[in-house]
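> need a 3D model of the following:
(2 chains)
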Amino acid sequence: MAVVFILLCYFQLSLALQYSDKFTEELVLKPLVQDQIYAHFQFTTIWNVDARSRDLFQSHLFSRALSEVIVRHNVQELHISLTAGLWNYETWGYPIVDSAPGAEVWVWFKDDTNDIDTNWKQLTNSLSGLLCASLNQIDNTNSINPDISFAPTGIISNTLNSSFVRYATLPREIVCTENLTPWKKLLPCDSKLGLATLLNAGPIHNTRYHSLSIHLRPICRNAQCDLASIELTQSVDLVYDFTILGTRNWSLRKLFGQGIMNSCPLADTSTIYVETTNNDTNIFHLSPTPDEYLISTRGGFSSQFAKYVVKERPMTIAASYADKQMYTVNIPPPLYANQYKIGYGQQKGGLVTKIYNNHWAPIDVVVLQNLPWYIPIYLHTLKIISNGTPMKPQKLIYKPGKMREKAHSLELMLRLPAKSTTSIKFYFDYVFLKWQEYPPDANHGFYIGSAIISGHLPLGRNYTGIPQDGSTYASSFNASRKNYFVQIRTEPIVITLPTPDFSMPYNVICLACTVVALAFGPLHNITTKRLVLKVNSDNLLTKLKKFGRSLFCSKKL
Amino acid sequence: MKSHLIIYGLAIFVRVFLIYSDYRENIADRIEISTPLNSFNRILESYYRMSIGVDPYSSDVLHESPLHLHFYKHIIENTGQYLPLVFVFCDVLTAYLLYLFAKKYILNLRIEQYINMNLYLKHLKDQMLNVSDNEAIPLYVTVMYLFNPYIIFNCVACTTTTFLNLCLATFLYAICSGSVIIGAVSLAIASLQSLYPVILISALYLSVLKYQNSMFKAVISVISCISLLVVFIFSSYYLMGSWNFIPQTYGFILQVSDQQPNIGIYWYFFMEMFEHFKELFICSYQINVTILYFIPLTIKFRKDPVLLGICFIMLTGIFKSYPSIGDFGFSLALLPVMKYMYNCMQQIFVSIVAIITTTTLAPILWNLWIYWGSANANFFFGTTLAFITAHIFILTDVSFAHSKHDYLLKYGNDRTINGQPAKLVLG
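Next comes the predicted model:
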């Protein structure tokens, strides 16, 4: 018995040594300028195994379900997000993890992958099963492979070849509990212990914005980068509205329905950060007292955080505001964007993307327009106007789509002048689809996905992202860099394509064929018969005619 | 001469006025005028795509041959803002060619009449062409072409149908005079552009046979036309470096994959079609417009290749997959040359009234459907059906009147058999 026990212990130990993986969980709470509070959960698993190895099935903390998918489809990097609501950049600043409304997937395949399109299709199908989302609707008709917008976020072994990246969005996807449950199952502690216990469906979906995401990438294991590891980041971003909560005095229980019962024993660290930067204007008092106050200076802007370490006992955090609410002036972030549709009727429309640069220096950005095949754009109508003067893109990459086969993608590299508003405008035709190609609620409309604007910000104002060389939120403290990479998404657009009468197929077929027959009959007669004189025989028609004449023209007769 | 100058001057003025007015864009956007095949916007788009190194045939924007695309590229680059004037010039040139064609055709008919005079009944002089028709009919044709609103709008919208009409007018002029080279070249160019005119090849053959009286030359004309077409297609291949353009040009015309409404019957039919019947109906519709009437009409009109050509132009105009009013305008402009058989036509008045009515109704119902949302597709479809039916009536009337006129000249107006009233029927 003892031997077995020792063996078991040894086995356990060796496993732990072999798969030295690390799990950290973090929760960031940040009161926003208006009456909102932003909560960001981040669960990071780092697995010290080379992503290139095909043997990823002996996992410890890493989700086996996910590693199987990665190996089978030769995935190098995987980014999925399921989002409901729209992030309001202008007032909320930048999120820690950005995502487009609906479902969004982008993947880098390994550079030895042969048939990317098939792998992509199969991968989205697997992910669809894994997350209970409609990702199976992604295929080549709504996917693009952008050249410059999506660089790998992790390490790469060879030179970059953009033919291995695929991007797709499903803006109509509705995110709900059924996605949250399988998402939580990918966590080592599931939702039973640790911060994940806070993720309860009811309160989460009672928010202005909520987003689930999974990001997987290969990273360097050490400073020399001679070994690689796999990093899996699962995050949840929530924006609570105090008006929905009914009070400004928030607490973990009010936000998530319950406090934390216990920490996750598998987690290396389990931390909660509350941003207290604005605590001098809108004063709130935190209870219990934080374990520590941190000051992070990043890109010339410093912010203050209160840090709580989650221990093996129940805990909650509550903030109570001073009675008088102070209204602060909102300073919008350096770069944000909008997208809208112009034109009326269902024949011709236009799409306008407006990008605002509030910075005092020019910013270089890449704009990606991802257009479904039923939006055939006229590229010659493309007009880029910045502060009233037309400008030329530094680079324009257009990959035309094809009817029923491929989506259109347009990438524009622009240098936004200092303090400018740049609008990108082009026109498109409304396409008439076949009646069976319309979705069940045809008049609901068709979606055009968000435009994506990627750029490097020269300063850290409003910037909350995690640096590329870091894995946890803690690594963003004092992480001053030369510039800060942001990717912002605009609103998706709904257009209502003209519809035929869905009840008419038989009538239309009959009527159109009748018209064809109207030509066929006489032409057939004329070409096969000759004119002859025939004695008039009194048939019913002539009798009727005579009768009619006698009725109406009796005087003449 | 003076009247000609006034007509041409006025026609140019109307066109230029509309082109440089604010209405131009509205006219060019009308689906009755611009179809996916002839829209000038698409030519500009393809030109732009070529200039940034994107293959215009990799998408669904362009459905014309690479040779035509390079021709358009050439005129876009060399004319700049005077580009629409090229279309005006082509339109006026088409009118002049039609004038020449009508003149020649009437002359030919009168010569034939004179030769066959002994076969005809003497008292039916008024059924025949006379000297005054020599000048009058060509003038009518010119006026009918230049002041036809369909043609004016077509020209103002700068559609590529203008060039197709020019080719067809050249072809008609060529078959009137039995010219092998002009006929073959113009027919090959027209077929390269829109595929359907290829059925006019029998008219070319018959005309060369008739006017040059040589079987050899007739066969040569057919062979030269086909080989020219092949040469054009191969040079398109060398120009583009791939066969990509074939599915986007002829494949697109035959498969009708874009359901944008036009005044034809295809768009709603294939929009509402059950997917598994699509192939069957596409095949039958395309056979209907190309092969089905090819041999019967050729045999029927073997003595009058010009009339055969006109019938084929009308037929393809009606049943082509993406017709525009430019095509209908062209066939309407040819009606005055059939003036001699007007009294044998029965439905021409009704048809013309129907055409006018539907032309007025179509934009209204289109607006109700697309812009105001208070009508649906059926309303617009209904008008296009009526429009097409009216044109079919004109076509069948013309072919019927031809036989009737022939009968009339030979056997007179008498409609009795042994004193009993009788009527003329096909039997």
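
> may I have the phi/psi pair for the closest residue to residue A:487 other than its chain neighbours?
Nearest non-adjacent residue to residue A:487, counting by C-beta to C-beta, 6 or more residues apart in numbering or on different chains: residue A:454, 4.7 Å away. For every residue, glycine as well, the C-beta is placed using N, CA and C. Backbone torsions for residue A:454, taken as degrees, to the nearest 10, come to phi -110, psi 140.

> and residue A:454, bridged to which residues?
Per DSSP bridges, the residues bridged to residue A:454 are residue A:366, residue A:487.

> identify the residues contacting residue B:392.
A:515, A:518-519, B:318 (C-beta atoms under 8 Å, 6 or more residues apart in numbering or on different chains).

> before we move on, what SS does residue A:149 have?
The local conformation at residue A:149, judged by DSSP: H, G, I helix; E, B strand; the rest coil, is coil.

> and it, what does it touch?
Residues counted as contacts of residue A:149 (C-beta under 8 Å, 6+ apart) are A:167, A:366, A:368, A:411, A:452, A:454.

> show me what contacts the last one?
What it means is residue A:454. With C-beta under 8 Å, 6+ apart, residue A:454 has these contacts: A:149, A:365-366, A:368, A:485-487.

> which of these are buried, as a ChimeraX select command?
To isolate the buried members of the contacts of residue A:454 in ChimeraX, using 16 or more other C-beta atoms under 10 Å in any protein chain shown:
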select /A:149,365,366,368,486,487
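
> now the two most distant members of the contacts of residue A:454.
Spatially, the most separated pair among the contacts of residue A:454 is A:368 and A:485, at 14.5 Å (C-beta to C-beta).

> what's the longest strand in chain B?
Selection of the longest strand in chain B by residue count, based on DSSP state E, yields strand B:420-426.

> helix or strand right after the longest helix along chain B?
What stands out as the longest helix in chain B, according to DSSP state H, is helix B:377-411. Next along the chain after helix B:377-411, taking DSSP states H and E as the criterion, comes strand B:416-417.

> that next one close to chain A?
Yes - interface with chain A: strand B:416-417 contributes residue B:417 (C-beta under 8 Å from any C-beta of the partner chain).

> mind listing what that strand pairs with, with the direction of each?
With DSSP bridges as the test, strand B:416-417 pairs up with strand B:420-426 (antiparallel).

> and the stretch 451-557 of chain A, which of its residues are near chain B?
Checking the stretch 451-557 of chain A against chain B by C-beta under 8 Å from any C-beta, the hits are A:498-501, A:504-505, A:508-509, A:511-512, A:515-516, A:518-520, A:522-536.

> in strands, which of these fall?
Those of those lying in strands (DSSP E): A:531-535.

> on that earlier part again, what angle separates the longest helix of chain B from strand A:531-535?
80 degrees (axes from the mean of the first three to the mean of the last three C-alpha atoms, to 10 degrees).

> pull up the gap between residue A:435 and chain B, please.
According to C-beta to the nearest C-beta, to the nearest Å, residue A:435 and chain B sit 5 Å apart.

> dump the residue contacts of residue B:319.
A:516, A:519, B:264-265, B:285, B:288-289.

> could I get those as JSON lines with pLDDT?
Output for the contacts of residue B:319, formatted as JSON lines (pLDDT from 0 to 100):
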{"residue": "A:516", "pLDDT": "94"}
{"residue": "A:519", "pLDDT": "94"}
{"residue": "B:264", "pLDDT": "91"}
{"residue": "B:265", "pLDDT": "91"}
{"residue": "B:285", "pLDDT": "94"}
{"residue": "B:288", "pLDDT": "92"}
{"residue": "B:289", "pLDDT": "91"}
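
> hang on, residue A:434 packs against residue B:256?
No - Residue A:434 is beyond contact range of residue B:256, at 10.6 Å (criterion: C-beta atoms under 8 Å).

> joint contacts of those two?
Going by C-beta under 8 Å, 6+ apart, residues that sit against residue A:434 and also against residue B:256 are residue B:270.

> between those two, who's got more neighbours?
residue B:256 (22 against 17; other C-beta atoms under 10 Å in any protein chain shown).

> distance check, the more buried one against residue B:319.
12 Å (C-beta to C-beta, to the nearest Å).

> now do residue B:141
24 Å.

> how confident was the prediction at the nearest residue to residue B:355 once chain neighbours are set aside?
Distance criterion C-beta to C-beta, 6+ apart; nearest residue to residue B:355, sequence neighbours excluded, is residue B:390 at 4.8 Å. Turning to residue B:390, the model gives it a pLDDT of 96.

> list the contacts of residue B:390.
B:350-352, B:354-355, B:358.

> can you add pLDDT and distance to residue B:338 and give these back as JSON lines?
Converted to JSON lines, the contacts of residue B:390 look like this (pLDDT from 0 to 100; distance: C-beta to C-beta, whole Å):
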{"residue": "B:350", "pLDDT": "94", "distance to residue B:338": "17"}
{"residue": "B:351", "pLDDT": "95", "distance to residue B:338": "13"}
{"residue": "B:352", "pLDDT": "94", "distance to residue B:338": "13"}
{"residue": "B:354", "pLDDT": "96", "distance to residue B:338": "19"}
{"residue": "B:355", "pLDDT": "96", "distance to residue B:338": "16"}
{"residue": "B:358", "pLDDT": "96", "distance to residue B:338": "22"}
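
> filter the residues you listed to the buried ones?
For these, buried by 16+ other C-beta under 10 Å: B:351, B:354-355, B:358.

> just the CA atoms of the top strand by length along chain A, as CSV, please.
Counting by DSSP E, the longest strand found in chain A is strand A:228-241. Extracted C-alpha coordinates of strand A:228-241, given in CSV (Å, rounded to 0.1, in the frame of the first residue of the first chain):
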residue,chain,number,x,y,z
ALA,A,228,8.9,28.7,-26.2
SER,A,229,5.8,28.3,-24.0
ILE,A,230,2.1,28.5,-24.7
GLU,A,231,0.1,31.2,-23.2
LEU,A,232,-3.7,30.9,-22.8
THR,A,233,-5.5,34.0,-21.7
GLN,A,234,-9.2,33.8,-21.0
SER,A,235,-10.8,37.1,-20.2
VAL,A,236,-14.1,38.6,-19.4
ASP,A,237,-14.7,42.3,-19.8
LEU,A,238,-17.8,43.8,-18.3
VAL,A,239,-19.1,47.3,-18.1
TYR,A,240,-21.7,47.8,-15.3
ASP,A,241,-23.9,50.8,-15.3
